[in-house]
Each structure stands twice: as C-alpha cells, then as structure tokens.
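**Student:** what's the 3D shape of this:
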Amino acid sequence: MAEKLKIISLGGLNEIGKNLTVYEYGNDIVVVDCGMGFPDDDMYGIDVVIPDVSYLIKNQSKIRGIFITHGHEDHIGAIPYVLRSINAPIYATRMSAGLIQLKLEEHHLVSKTKMITCEAGDVIQAGKFSIEFIHVNHSIADAVAFAIKCPVGTIVHTGDFKIDTTPIQGGMIDLARFGALGQEGVLALLADSTNVERPGYTRSESSVGNSFDALFKGCQDRIIVTTFASNVDRLQQIINVAARYGRKVAVTGRSMGHRPVHGERHEGVHRAGLYEDPRRGAHGPDPDQVPAQA
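**Tutor:** Reported below is the predicted structural model:
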C-alpha cells in the first residue's frame, strides 16, 4: 500500500502567529517554521503563546529538520521553547539564522542545537523529502519559499511574501522558478493569504525612501521613526535620508541593539559620523536627532 503524504498545521491557519506546518511521509517528518503568537486580552499573565507540539514530541524520531522561511517572531519565536522537548536540526538563511542564534544564546541552547545556514537555490535532502529554498521578497531580508518534494508530488510553501519589482537589496522574488515548478506540476500550494481580499498591490520598499525624503525635507524639528528592528532595508533608508539632510541617528529599543543582526549598519553609521547616543538628550531634545525606535 502506497504511503500517504500528511500536511498538518499546528498553528498559523485562521490566525496571526504561531506558524508551524508539519509534512509527514512514511517515517519522515519535516517542519516548516516554528512561530509564536501574542496573547489575547483575556490571557492574563501570559507573555508568549506557542503551538501545541505534542504530536511532534510523540513522533520526534521521525523529524528530519525544522526549515525556516524567514526571521519574524511569528515564524521563529517558539523555537527555544520547542527545542526543550524536541532535538532537530534547523535549516535557515543567514538573516534568519542570526536571529535564531540570539534566541539560542538567551535560552542557553547553542551547544545543544545544530543549525545549518542555507541560501536561495540550495536543495536539502531530509529523508524522503527534498526541500528547495526559493528567494522571495518580504519586509525582512533573506526570506524564502520552499518547494517540498516527496514521492507523491511537489508542495510549494510560500511563507510570507510580496512581489517587489524594485527591492532595496537581494533582487526581486524568483517568479521564474515558481513558473518552472508550475510547468513541472504542483500537488499543493500553501500560500500566504494576508490581505488577499484587499484590491491592489503592496508598494515597493524602495518607494518608502521617497516618502522619507518628503518628510525630512525642510523639517527643522526632531523626527521620530518607528519600525520593526528586523526590517534592515527600512533602517538603511532612514540612515540614507538622515545623511542627506545632515541629521544624526539615535537608535533605541531592545531589538535594535543586537549587533549580530545590525552590526554592519551600526558600524557604517559610526564611520559616517551619523550616530548619536539617545541618552545625550537629558538636557532637552536635539532637533537634528532622528530616533529610530523598535
């Protein structure tokens, strides 16, 4: 009797956060993403919500790896909690791996965890599955989709994505590869559906720079910009426009201080003489300062 492919969502369907999908074929399991959710208003005293992984604990001998699409909390936030019960290698791109590394250090799990850094185009063999990393655009660098192949067919798991024809870095989404997979034949498509019912399209990240320019131009007051710390392209555009108008950048926020993630940006700001210690404003705000907060 032929083996069946099982696709099991342990989180992320009909909700925001807790993204975790299980692919099982015979004696092999691969896990895609391992995210956390945020508590509802009635969850008093709860800081983090994680998926129920009792099925994975029961079948952990079958798990061949945890594959990460990108480094947002709703896709990686549960990793240190799940790894307390499950020991499996983690496959992720460089940016995602850097963010996961910080979590492993915080939870003292570095020595117990095997992490393999991959890049778009790589194909990983995991039991009877092969997983191909495909470049996509998102609001964080190094995001990927997966083409997951097994004996019964190919599943395309997009992760979170947008089609950005003029991204800041990394090139646009690999539509050609998706087209080629379509020509080969796809058994199932598991696609990001955020805002799918809204007409239109998402603006390119590069267009944000023009908006910043319009806000900075002619402004004599302090400008405060808030952004996700993981959106390094957005941070780079803030730095670029600050330099253009002779501003200094003060970076604040817990996540903004992670040098393994933002080290190159921070060092570039220092070399250009743009960095300003946010604590220096004790005697009043500096109108030339641009606090970037997360």
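
**Student:** tell me which other helices or strands the helix or strand that contains Thr154 touches.
**Tutor:** Assessed by DSSP states H and E, Thr154 sits inside strand 153-157. For strand 153-157, the elements it packs on are strand 5-11, strand 144-150, helix 175-184, strand 188-190, judged by 3 or more C-beta pairs under 8 Å, 6 or more residues apart in numbering; DSSP states H and E. All C-beta atoms are positioned from the backbone trio N, CA, C, and that covers glycine.

**Student:** now tabulate the ones you listed in a markdown table and tack on mean neighbour count.
**Tutor:** What follows is the helices and strands packed on strand 153-157, written out as a markdown table (neighbours: other C-beta atoms under 10 Å):
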| stretch | mean neighbour count |
| --- | --- |
| strand 5-11 | 17 |
| strand 144-150 | 24 |
| helix 175-184 | 12 |
| strand 188-190 | 15 |
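
**Student:** columns mean pLDDT and distance to Thr117 on top of the ones you listed, output as TSV?
**Tutor:** As requested, these are exported to TSV (pLDDT from 0 to 100; distance: least, C-beta to C-beta, whole Å):
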stretch	mean pLDDT	distance to Thr117
strand 5-11	96	25
strand 144-150	98	12
helix 175-184	97	20
strand 188-190	97	24
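
**Student:** any chance of these in JSON lines, with distance to Lys128 too?
**Tutor:** Shown next, in JSON lines, are those (distance: least, C-beta to C-beta, whole Å):
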{"stretch": "strand 5-11", "distance to Lys128": "10"}
{"stretch": "strand 144-150", "distance to Lys128": "6"}
{"stretch": "helix 175-184", "distance to Lys128": "18"}
{"stretch": "strand 188-190", "distance to Lys128": "16"}
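
**Student:** between those, which gets nearest to Val225?
**Tutor:** strand 144-150 (27.8 Å; C-beta to C-beta).

**Student:** who touches that closest one?
**Tutor:** 5, 23, 25, 30, 32, 67, 69-70, 93, 120, 128-136, 154-159, 161, 177-178, 181 (C-beta atoms under 8 Å, 6 or more residues apart in numbering).

**Student:** I'd like to know which of those residues are buried.
**Tutor:** For the contacts of strand 144-150, a burial check counting by 16 or more other C-beta atoms under 10 Å picks out 5, 23, 25, 30, 32, 67, 69-70, 93, 120, 128-129, 131-136, 154-159, 161, 177-178, 181.

**Student:** next, the buried residues of stretch 161-170.
**Tutor:** By neighbour count on 16+ other C-beta under 10 Å, the buried set for stretch 161-170 is Phe161, Lys162, Asp164, Pro167, Ile168, Gly170.

**Student:** contact partners of that stretch?
**Tutor:** Contact with stretch 161-170 is made by 135-139, 141-143, 145, 172-173, 175, 192, 201-202, 204-207, 233, 236-237, as judged by C-beta under 8 Å, 6+ apart.

**Student:** again, only using 7 Å
**Tutor:** 136-138, 141, 143, 145, 172-173, 192, 202, 204-206, 233, 236 (C-beta atoms under 7 Å, 6 or more residues apart in numbering).

**Student:** just the buried residues of the host helix or strand of Ile238, please?
**Tutor:** If you go by DSSP H and E, Ile238 is part of helix 232-244. By neighbour count on 16+ other C-beta under 10 Å, the buried set for helix 232-244 is Val232, Asp233, Arg234, Leu235, Gln236, Gln237, Ile238, Ile239, Val241, Ala242, Ala243.

**Student:** excluding chain neighbours, what is closest to the third one?
**Tutor:** Which is Arg234. Leaving aside its sequence neighbours, Arg234 sits nearest to Thr227 (C-beta to C-beta, 6 or more residues apart in numbering; 4.8 Å).

**Student:** the one you found and Ser139: what is the separation?
**Tutor:** For Thr227, the distance to Ser139 equals 9 Å [C-beta to C-beta, to the nearest Å].

**Student:** find residues that contact each of these two.
**Tutor:** By C-beta under 7 Å, 6+ apart, no residue touches both Thr227 and Ser139.
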